[in-house]
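*Asks:* let me see the structure of the following:
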Amino acid sequence: MPETRDGTPLRVAVIIGSTRNGRFGPTAAAWFAARARRRRELELDVIDLAEARLPDTLTDHDEAVPDRVRALAPRLTAADAFVVVTPEYNRSFPAPLKTAIDWYYEEWQAKPVAFVAYGRESGGLHAAAQLREVFGELHAVPVQAVVSLPCYWELFAADGSWPLPTAACNTAATTVLDELTWWAYALRDARARTPYTR
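*Replies:* Residues are numbered from 1 along each chain as shown. Next comes the predicted model:
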């Protein structure tokens, strides 16, 4: 991958979208983040929604923004790209993830978004498809490639590590990172030339 023109790394926020007990999200996010950190042009910020503890109830336009929402905003604003790690529940994605997305608007605009989705046989693809629509409405740019993890529990090695070295998700992660990086460069350059406002 080429160096950035000014030497500034691309900032990628990896968002763990599940908050439930016993979740697999942190495992998948740690694996993807470790692969991303191999690329010298990327700087990672892992955001765990279980730790962010954003309020469930959105405020009205004339109400004060809660402290936890304001605290997370600068990290999203600073990101040049996003990777959303999401499970699939009943052919969709978790409610806390939707609430987290809806708390913000300008923070998502004109930035690429990739998905690491997991579930049973569908591999989280239904959740990823719905998230594409949501982020498109927010003027973000969902990338085409996706990491899909069907029956992810079958990819644990005998020593407890995950995933197996031969798992297809390893190749998929490379493709996702290639696409995400290309779009992140292109859109960051475009925002620098002409600020995006909608």
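
*Asks:* contacting residues for the nearest residue to residue 87 once chain neighbours are set aside?
*Replies:* Spatial nearest neighbour of residue 87, chain neighbours left out: residue 18 (5.1 Å); criterion: CB to CB, 6 or more residues apart in numbering. The C-beta positions use only the backbone N, C-alpha and C, and glycine is treated the same way. Contact analysis of residue 18 by CB atoms under 8 Å, 6 or more residues apart in numbering lists 24, 25, 49, 50, 85, 86, 87, 94, 96, 97.

*Asks:* kindly recompute the last result at 6 Å.
*Replies:* Contacts for residue 18 (CB atoms under 6 Å, 6 or more residues apart in numbering) come out as 25, 87, 94.

*Asks:* can I get these in a markdown table with distance to residue 72, neighbour count and secondary structure?
*Replies:* Below are these laid out as a markdown table (distance: CB to CB, whole Å; neighbours: other CB atoms under 10 Å; DSSP: H, G, I helix; E, B strand; the rest coil):
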| residue | distance to residue 72 | neighbour count | secondary structure |
| --- | --- | --- | --- |
| 25 | 17 | 23 | helix |
| 87 | 21 | 23 | strand |
| 94 | 17 | 20 | coil |
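
*Asks:* picking up where we left off before, pLDDT score assigned to the residue nearest to residue 87?
*Replies:* Note for residue 18: predicted pLDDT of 97.

*Asks:* where do the strands sit along the protein?
*Replies:* For the chain, the strands defined by DSSP state E occupy 10-16, 42-48, 81-87, 112-119, 141-142, 147-150.

*Asks:* would you list every one of the helices in the chain?
*Replies:* Counting by DSSP state H, the segments of the chain that form helices are 25-36, 49-52, 67-78, 95-102, 125-137, 168-193.

*Asks:* so which of these gets nearest residue 149?
*Replies:* Residue 149 sits nearest to helix 168-193 of all the helices of the chain, at 5.8 Å, using CB to CB.

*Asks:* relative to helix 25-36, how tilted is the closest one?
*Replies:* Interaxial angle, helix 168-193 versus helix 25-36 (axes from the mean of the first three to the mean of the last three CA atoms, to 10 degrees): 70 degrees.

*Asks:* that older thread, of all the helices of the chain, which one comes closest to residue 112?
*Replies:* Of these, nearest to residue 112 by CB to CB is helix 168-193, at 3.6 Å.

*Asks:* quick one: buried residues of that closest one?
*Replies:* 169, 172-173, 176-177, 179-181, 183-185, 187-188 (16 or more other CB atoms under 10 Å).

*Asks:* and stretch 7-21, how far out from the chain's middle?
*Replies:* Put simply, stretch 7-21 sits 5 Å off its chain's centre (CA atoms, centre = their mean, to the nearest Å).
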